[in-house]
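*Asks:* Need coordinates for the below:
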Amino acid sequence: MGTYRMSSENIKRITSGIVIVLMIIGGILAGGIFWLLVTAAIASFSLWEYYILLESNAHLSKGIGIIGSLILFLVTYRGLFYLSVGPLLAVFAFIILLTEILRRHLTGESNALWNLGGTLSGLILVSLPWIFIFHLRTFPRGLYFLLTLFLCTWACDVCAYIVGTKWGEKHLSEKVSPNKTWEGFIGGLCGSLLGGALVSYILSLHPLPFILIGCICGIAGQMGDLAESLLKRESGVKDSSDIIPGHGGFFDRFDSILISGTLTYLVFGVIIG
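*Replies:* Down below sits the predicted model:
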């Protein structure tokens, strides 16, 4: 009976994983409004889960955060990101403060500092990285960079899990995530680098940019995964949600790509571009 339940869970995990991969790859290949819808949807679900984690301590203006995130995606799609992101974040901050003024006026209680910090941190840590990932599609060779970014992330996750499960002995950070090991970390880095090399070989392009993405995903991506583990540990939960069968939440599945996507955008869009 136990074996049957395990097999059922594996089927759920594989099926939902295939759906996610097809959604991501389809959105990248289609670009435009389709890629906008994919990234905005993932960002919205991830942001909501992030707010739920933080709300174990105090109330947050989740609705303002989600609407603000969608507005940021919209202005980015309209080509106004660089002109509007700063002013919009400031406006969102004042709106949150106004809601706390109203709440204190009506109830005698407020939580402005926590609400302001928690809601805006979600926009910065979750929404902005997905906006960078969306915008990366518009770069020269952005299609290839995005495919490499996700391939390296997935290769890193798979290799880290396999190597860590089979040979992992030395804990990476036991007090943050007891199951992560240095052996798994190295295995994930190697898998990510191989993923980048494979893309450059298949496309017959210079390997350096793709190896660089592999390095970013293999190192920074795993640190992003560890960072989300820290948030969940402080909130006392195992997964950010159970919306994806066998995988947990969107924040769980796409935690590592938040920092690796941001760094890839920074390197190829700002430093090199």
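
*Asks:* Mind jotting down where the helices sit in this structure?
*Replies:* 2-30, 32-54, 62-77, 81-107, 112-122, 128-136, 142-167, 182-203, 207-235, 250-253, 255-265 (DSSP state H).

*Asks:* Need the winner for burial among those.
*Replies:* Most buried of the helices of the chain by mean neighbour count (mean count of other C-beta atoms under 10 Å) is helix 255-265; its value is a mean of 25. Where C-beta positions appear, they are placed from N, C-alpha and C, glycine not excepted.

*Asks:* How far away from the center of its chain is that helix?
*Replies:* Relative to its chain's centre, helix 255-265 lies at 7 Å (C-alpha atoms, centre = their mean, to the nearest Å).

*Asks:* Pull it out as PDB, backbone CA atoms only.
*Replies:* Taking Å, rounded to 0.1, in the frame of the first residue of the first chain, the C-alpha atoms of helix 255-265 are listed here in PDB:
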ATOM      1  CA  ASP A 255      13.000  30.500  -5.600                       C
ATOM      2  CA  SER A 256      16.400  29.900  -7.100                       C
ATOM      3  CA  ILE A 257      15.600  31.600 -10.400                       C
ATOM      4  CA  LEU A 258      14.700  34.900  -8.700                       C
ATOM      5  CA  ILE A 259      18.400  35.800  -7.900                       C
ATOM      6  CA  SER A 260      19.900  34.000 -10.900                       C
ATOM      7  CA  GLY A 261      17.400  35.700 -13.300                       C
ATOM      8  CA  THR A 262      18.200  39.100 -11.700                       C
ATOM      9  CA  LEU A 263      21.900  38.600 -12.000                       C
ATOM     10  CA  THR A 264      21.600  37.400 -15.600                       C
ATOM     11  CA  TYR A 265      19.600  40.500 -16.400                       C
END
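
*Asks:* Residue 26: what's it in contact with?
*Replies:* By C-beta atoms under 8 Å, 6 or more residues apart in numbering, the contact list for residue 26 reads 34, 38.

*Asks:* ranking the helices of the chain by mean pLDDT, which is last?
*Replies:* For the helices of the chain, the weakest mean pLDDT is recorded on helix 2-30, namely a mean of 77.

*Asks:* And residue 84, how far from residue 78?
*Replies:* Separation of residue 84 from residue 78 (C-beta to C-beta, to the nearest Å) stands at 9 Å.

*Asks:* Over to residue 163?
*Replies:* Distance of residue 163 to residue 78, given as C-beta to C-beta: 44 Å.

*Asks:* Likewise for residue 142?
*Replies:* For residue 142 relative to residue 78 (C-beta to C-beta), the value is 18 Å.

*Asks:* Give the burial count for residue 179, as a bare number.
*Replies:* Residues lying near residue 179 (other C-beta atoms under 10 Å) number 13.

*Asks:* Do I have it right that it meets residue 160?
*Replies:* No - between residue 179 and residue 160 there is no contact under C-beta atoms under 8 Å: 10.3 Å.

*Asks:* that older thread, any chance of the helices of the chain in JSON lines, with distance to residue 173 too?
*Replies:* Output for the helices of the chain, formatted as JSON lines (distance: least, C-beta to C-beta, whole Å):
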{"stretch": "helix 2-30", "distance to residue 173": "25"}
{"stretch": "helix 32-54", "distance to residue 173": "19"}
{"stretch": "helix 62-77", "distance to residue 173": "29"}
{"stretch": "helix 81-107", "distance to residue 173": "31"}
{"stretch": "helix 112-122", "distance to residue 173": "22"}
{"stretch": "helix 128-136", "distance to residue 173": "22"}
{"stretch": "helix 142-167", "distance to residue 173": "13"}
{"stretch": "helix 182-203", "distance to residue 173": "10"}
{"stretch": "helix 207-235", "distance to residue 173": "6"}
{"stretch": "helix 250-253", "distance to residue 173": "17"}
{"stretch": "helix 255-265", "distance to residue 173": "15"}
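
*Asks:* Residue 241: which of those helices is closest?
*Replies:* For the helices of the chain, proximity to residue 241 was assessed by C-beta to C-beta; helix 32-54 is nearest, at 5.0 Å.
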